[in-house]
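build the 3D model from these lines:
(one chain, ligands or ions: 2)
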Amino acid sequence: MRRLIIDTDTGSDDVWAIIAALRAVENIHVEAITVVCGNVSLDLCVKNALIACEVANTYFPPVYRGMARPLVREKLFTADYVHGSDGLGEMHLPDPARQAESGHAADAIIDLVMSAPGELEIVTLGPLSNLAMAYLKEPRIAENIKKLWIMGGTGFDQGNATPAAEFNVYVDPEAASIILGAGFPAIWVTWDVACSGTPITPEDVKLLLANDHPIARFCYRCTQSLREYDRKKFGHEEFGIIDSVIMMALIYPEIMRGAYDAYCEIELNRGIAYGYFSIDKHKQLHKPCNATVCSQVDAAAYKQHLFHLLTY
Ligand code: RIB
Ligand code: CA
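Ligands and ions are numbered 1, 2, ... in the order given. The predicted model follows:
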């Protein structure tokens with residue numbers, strides 16, 4: 001059984017990914033959920049992670065509080081304008097029964113990885129502040145994890161936080177840069193690839209809600225702010241559940257249609273391109289590759305797996 005740590009800045013798309021992972025009981029076991037600030041404040045991200053575990057209704061992994069702000073940036077840049085002030089489409093749900101564990105997320109990552117060298121996979125769905133802090137404390141985690149899956153970077157499209165930067169990298173560019181230079185066995189699923197063909201259409205929604213499953217209904221409801229944002233900004237009814245794309249690629253790697261190794265670098269100068277994730281796809285810089293980048297995901301297979309996990 002594959003053993004997984006989910007690192008998340010629990011907004012509405014993270015929630016779909018967490019619920020799907022917890023319900024993929026035949027494929028993976030979620031050993032821990034480590035929470036980082038990002039889409040909303042750390043406290044709300046922790047609350048939303050606990051709620052996602054309750055809604056999944058399978059088993060309840062330990063949830064750990066992590067970084068409440070980026071490593072270097074003076075203030076937290078959030079995406080409440082996308083996911084709602086509570087991160088869950090203004091549902092403002094009551095506090096979950098379960099609490100987070102007492103330890104810090106960075107220590108939980110270190111303890112789990114170093115207790116089982118070569119066994120743990122980590123997927124990061126948010127800014128890389130927790131993983132970077134864990135690495136700074138214990139650099140050996142880089143050579144002791146089995147695989148690192150990162151949702152981040154713009155790829156070859158416009159950014160979603162700024163024209164140059166994707167949100168997860170933009171919130172903590174220094175953390176992303178530390179991870180790039182640390183030697184993790186990392187595969188990056190970038191914004192452009194995660195958005196390609198995958199947005200949920202009105203026809204998909206009908207399919208997802210066809211059997212009126214409570215989990216599917218919850219997932220749809222918690223994206224209310226996300227859907228309103230996409231409708232206002234882009235004038236269409238479809239909406240992207242970005243974190244669920246990398247989660248399906250992790251659980252079902254056959255849906256990835258290609259990947260390549262490249263030298264990648266993050267822009268850390270505080271100008272217009274701060275947080276830009278540069279991919280030297282054509283090896284123009286003649287520098288050693290430090291990342292694997294996913295080039296395409298089978299969107300139909302992604303949706304088929306995701307919808308099954310949310311409605312069985
Ligand atoms: O850029 C998209 C990413 O930023 C997603 O993980 C979303 O949840 C936010 O964290
Ligand atoms: Ca996220």
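
what sits up against stretch 209-227?
11-13, 15-16, 19, 23, 55-57, 82-84, 88-91, 205, 208, 237, 239, 241, 307, 310-311 (CB atoms under 8 Å, 6 or more residues apart in numbering). In this view, the C-beta of every residue, glycine as well, is placed from N, C-alpha and C.

is ligand 1 within reach of that stretch?
No - Stretch 209-227 is not in contact with ligand 1 by CB under 6 Å from any ligand atom; minimum separation 9.2 Å.

what residues of that stretch count as buried?
215, 216, 218, 219, 220, 222, 223, 224, 225, 226, 227 (16 or more other CB atoms under 10 Å).

just flag the most distant two among those residues.
Largest separation among the buried residues of stretch 209-227 by CB to CB: 215 and 225, giving 19.2 Å.

skipping adjacent residues, who's closest to residue 146 in space?
Nearest residue to residue 146 in three dimensions, chain neighbours excluded: residue 121, at 5.1 Å (CB to CB, 6 or more residues apart in numbering).

got the contact list for the residue in the stretch 151-300 of the chain that ligand 2 sits nearest to?
The nearest approach of the stretch 151-300 of the chain to ligand 2 comes at residue 243, 4.8 Å away (CB to the ion). The contact partners of residue 243, taken as CB under 8 Å, 6+ apart, are 8, 13, 14, 16, 17, 125, 151.

residue 172 too?
70, 71, 72, 73, 127, 128, 129, 132.

what about ligand 1: which of those residues touch it?
Answer for these near ligand 1: none qualify (CB under 6 Å from any ligand atom).

buried ones among those residues?
Taking 16+ other CB under 10 Å as the criterion, what is buried in those is 70, 71, 73, 127, 128, 129, 132.

average model confidence for stretch 223-233?
In this model, stretch 223-233 has an average pLDDT of 97.

is that stretch in proximity to ligand 2?
No - judged by CB under 5 Å from the ion, stretch 223-233 stays clear of ligand 2, getting no closer than 11.3 Å.

got the CA positions of that stretch in PDB?
Presented in PDB, the C-alpha positions along stretch 223-233 are these (Å, rounded to 0.1, in the frame of the first residue of the first chain):
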ATOM      1  CA  THR A 223     -16.900  25.500  -4.700                       C
ATOM      2  CA  GLN A 224     -19.700  28.200  -4.800                       C
ATOM      3  CA  SER A 225     -17.200  31.100  -4.500                       C
ATOM      4  CA  LEU A 226     -14.800  29.500  -6.900                       C
ATOM      5  CA  ARG A 227     -17.600  29.100  -9.400                       C
ATOM      6  CA  GLU A 228     -18.700  32.700  -9.000                       C
ATOM      7  CA  TYR A 229     -15.100  33.900  -9.400                       C
ATOM      8  CA  ASP A 230     -14.600  32.000 -12.600                       C
ATOM      9  CA  ARG A 231     -18.000  33.100 -13.900                       C
ATOM     10  CA  LYS A 232     -17.200  36.800 -13.200                       C
ATOM     11  CA  LYS A 233     -13.600  36.700 -14.400                       C
END
